[in-house]
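Visitor: For reference, the sequence and a predicted model appear below.
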Amino acid sequence: MLRTLFVLAILIPWFFIAIRYRFAAVLLYVWFAAFRPQDWIWVDISSLRLSLVLGLLAFVPALLIGIWPNITHPLSLGAIAFLILSLISQVDAVETTVGWYWIDYTARLILICLLTTTIVNTRKRLIWVVAVIAGSYGFHSSKAGVNFLLTGSRYYDGLSGAYSDNNGYALAIVMILPLLMATAQNVTTGGWKGKWVEWSLPWIRRGTLLAIPLSVGTIVATFSRGGLLGLSACVLVYVMFQRRRMAMLTAMAAVLIPAVIWIGLPEGYLDRMQTIRTYQQVDETSAVSRLHFWEVAVAMARARPFGVGLRQYEEAYDRFDFSNGQYGEYRSVHSSHLQVLAELGYAGAAVWAGLLGYAAIVALRVRQRAKRKNLAPDVSWFLMTYANAFLASMAGFVVGGAFIALALNDITWYVFALVAALDRLSAKMCAEADQAASEAAGRVTAGPILARQGAA
């Protein structure tokens, strides 16, 4: 009952706010998609089709007043190309019914991302969207982290949706960790107004900071090797882009080492992680089989250059399995990147690599803009911290996602949209700073001239 009241306390007032304000509508949709309250409360609300209702609430009024999804940024164009290639793959798809279901899912995900790129055009809006995404997932991972600390229970399952198993759950947590940090770094620096808001922001900051170690505990509880590799990549990239790398490493060590000594690791965890490099000696079939699944993905791309159809690797596996069923039937590819290659062909893999690569380039470009001397310190901090967070999140996915088929996970696609929004926003902020500097220089130059004219 309390869960239902909690969800209704958010959903009902925000629904009426979203009717009037377009950003609130997008924020509500993102919260519903990330938090997935329909799977958390005990009451069945699936028949209400709230995802569709909230999607229409976000899109239709926006289009009527001339707010269109962004189709000009290169990342937006890449997302559109991904969707077009998904449609092309349907021509020779293995199971068209499955393909159309996932094309519908992908189209809605990409549309909300394109609209997000347009609507997130201020500093406060970007802070809020990232906070909602990170906080929605962080709520679940923190709760699981507390349970792990109290009971030491291992997690074999995850959240619903794309992250329904332990590996997907671990990877989702890895991707939101830098977003939680960016939220903590910026949520109290946006110049917010209102007594209630000013009172609540420090608590939001404390909550996001607390969620980070609790969420790391949940990653450990999943026993996911891909999650550990993704976490390592995420932390490495995040630390690498800090101005004070040694201070950051020292702070992490000061927290993690005592935690490991005091709490300890679950029984069997180290043995499980060691199979990353010794699986052949200990006959770790789940790891060895992945090499075979990856080879099957390449075989699919060779046989069908435009792919076997979106989310249809499993449907096509038995047809292309050259092991005669040694590893079972209807298997997953266990790699997001080879998933795209098999399902959308060579062109799809190129677009996918282009999205990941260009998003990293854009984030690096924002970092360079943040170093401009004419930017206010708080603006520079905002740009730098979010660019670092997005780089670390993508790094965690690129590495961890190499071991699980999660190309259609919403966090990665939201990051693409937010990187595009940050790119546009940072260019605008730099232009405003240049204009302000130019006007200030003009006033300084005009001062002596006017003084001489007055004296004359």
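Guide: Good, I have the coordinates.
Visitor: contacting residues around the nearest residue in space to Gly396 that is not next to it in sequence?
Guide: Distances taken as C-beta to C-beta, 6 or more residues apart in numbering put Cys234 closest to Gly396, at 3.3 Å, once the chain neighbours are dropped. C-beta here means a position set from N, CA and C on the backbone, and glycine is covered the same way. Listed by C-beta atoms under 8 Å, 6 or more residues apart in numbering, the contact set of Cys234 reads Val174, Met175, Leu177, Pro178, Ala392, Ser393, Ala395, Gly396, Val399.
Visitor: Next, Cys234: phi, psi?
Guide: As for Cys234, its main-chain torsions (degrees, to the nearest 10) stand at phi -60, psi -50.
Visitor: for the contacts of Cys234, which one is nearest Ser51?
Guide: Ser51 lies nearest to Met175 out of the contacts of Cys234, by C-beta to C-beta, at 21.0 Å.
Visitor: need the helix or strand of this structure with the lowest average pLDDT.
Guide: When the helices and strands of the chain are scored by mean pLDDT, DSSP states H and E, helix 269-278 comes last with a mean of 62.
Visitor: In the stretch 51-200 of the chain, where is pLDDT below threshold?
Guide: 190-194 (pLDDT under 70).
Visitor: need the helices for it, in chain order.
Guide: Applying DSSP state H, counting those that start in this stretch to the stretch 51-200 of the chain gives helices spanning 74-89, 96-119, 123-151, 166-186, 195-222.
Visitor: Please name every helix or strand in contact with the second one.
Guide: Read that as helix 96-119. Using 3 or more C-beta pairs under 8 Å, 6 or more residues apart in numbering; DSSP states H and E, the elements in contact with helix 96-119 are helix 22-35, helix 50-64, helix 74-89, helix 410-455.
Visitor: and if we set it to 6 Å?
Guide: Where contact means 3 or more C-beta pairs under 6 Å, 6 or more residues apart in numbering; DSSP states H and E, helix 96-119 is packed against helix 22-35, helix 74-89, helix 410-455.
Visitor: Columns distance to His292 on top of those helices, output as JSON lines?
Guide: Below are those laid out as JSON lines (distance: least, C-beta to C-beta, whole Å):
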{"stretch": "helix 22-35", "distance to His292": "34"}
{"stretch": "helix 74-89", "distance to His292": "23"}
{"stretch": "helix 410-455", "distance to His292": "26"}
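Visitor: So which of those helices is nearest Gly226?
Guide: helix 410-455 (14.5 Å).
Visitor: Need the mean per-residue confidence for the closest one.
Guide: Throughout helix 410-455, pLDDT has a mean value of 83.
Visitor: Quick check, Ser336 in contact with Phe403.
Guide: No: between Ser336 and Phe403 there is no contact under C-beta atoms under 6 Å: 8.6 Å.
Visitor: Give me whichever of the helices and strands packed on helix 96-119 is most buried.
Guide: The highest mean neighbour count among the helices and strands packed on helix 96-119, using mean count of other C-beta atoms under 10 Å, belongs to helix 22-35: a mean of 22.
Visitor: List the contacts of that helix.
Guide: For helix 22-35, contacts defined as C-beta atoms under 6 Å, 6 or more residues apart in numbering pick out 14, 17-18, 54-55, 57-58, 62, 67, 116, 119, 125, 132-133, 136-137.
Visitor: cutoff 8 Å now
Guide: Against helix 22-35 from outside (C-beta under 8 Å, 6+ apart): 10-11, 14-15, 17-19, 50-51, 54-55, 57-58, 61-62, 65, 67, 112, 115-116, 119-120, 125, 128-129, 132-133, 136-137, 139-140, 410-411, 414.
Visitor: Helices along the stretch 301-450 of the chain, start to end?
Guide: Under DSSP H, counting those that start in this stretch, the stretch 301-450 of the chain gives helices at 313-320, 336-370, 377-400, 410-455.
Visitor: what's the angle from the third one to helix 410-455?
Guide: In this structure, helix 377-400 runs at an angle of 160 degrees to helix 410-455, with axes from the mean of the first three to the mean of the last three C-alpha atoms, to 10 degrees as the basis.
Visitor: Could you check how far helix 377-400 is from the centre of its chain?
Guide: Relative to the centre of its chain, helix 377-400 is centred 11 Å away, using C-alpha atoms, centre = their mean, to the nearest Å.
Visitor: Give me the angle between it and helix 336-370.
Guide: 160 degrees.
Visitor: ok, now which ones touch the closest residue to Arg369 other than its chain neighbours?
Guide: Residue nearest to Arg369 in three dimensions, not counting chain neighbours: Ser426, with 4.8 Å by C-beta to C-beta, 6+ apart. Listed by C-beta under 8 Å, 6+ apart, the contact set of Ser426 reads Val366, Arg369, Ala370, Leu383.
Visitor: Repeat the analysis, applying 10 Å as the threshold.
Guide: 362, 365-370, 372, 375, 379, 382-383, 386-387 (C-beta atoms under 10 Å, 6 or more residues apart in numbering).
Visitor: Among the contacts of Cys234, which one lies nearest to Ala342?
Guide: For the contacts of Cys234, the residue nearest Ala342 by C-beta to C-beta is Val399; the value is 19.7 Å.
Visitor: So what's the residue count around that closest one?
Guide: For Val399, the tally of surrounding residues (other C-beta atoms under 10 Å) stands at 21.
Visitor: Relative to His337, how far out is it?
Guide: Relative to His337, Val399 is positioned 11 Å away (C-beta to C-beta, to the nearest Å).
Visitor: ok, Thr151 to Ile133 distance?
Guide: Distance from Thr151 to Ile133, by C-beta to C-beta: 28 Å.
Visitor: Which of these two has more residues huddled nearby?
Guide: Between Thr151 and Ile133, Ile133 has the larger neighbour count (other C-beta under 10 Å), namely 26 against 9.
Visitor: related to what we said a few turns ago, among the helices and strands packed on helix 96-119, single out whichever gets nearest to Gly207.
Guide: Nearest of the helices and strands packed on helix 96-119 (C-beta to C-beta): helix 22-35, 14.8 Å.
Visitor: relative orientation of the closest one and helix 166-186 in degrees?
Guide: Put simply, helix 22-35 runs at 140 degrees to helix 166-186, going by the same axes, to 10 degrees.
Visitor: Give me the neighbour count for Val296.
Guide: 24.
Visitor: I'd assumed Gln339 was in contact with it.
Guide: No: Val296 is not in contact with Gln339 according to C-beta atoms under 10 Å; the separation is 11.4 Å.
Visitor: Are there residues contacting both of those two? Which ones?
Guide: Tyr313, Val333.
Visitor: How about Arg3: what's its closest non-neighbour residue?
Guide: Ile41 is the one closest to Arg3 (C-beta to C-beta, 6+ apart), at 4.6 Å.
Visitor: Actually, Ser46.
Guide: What sits nearest to Ser46 in space, not counting adjacent residues and going by C-beta to C-beta, 6+ apart, is Gln38, at 5.6 Å.
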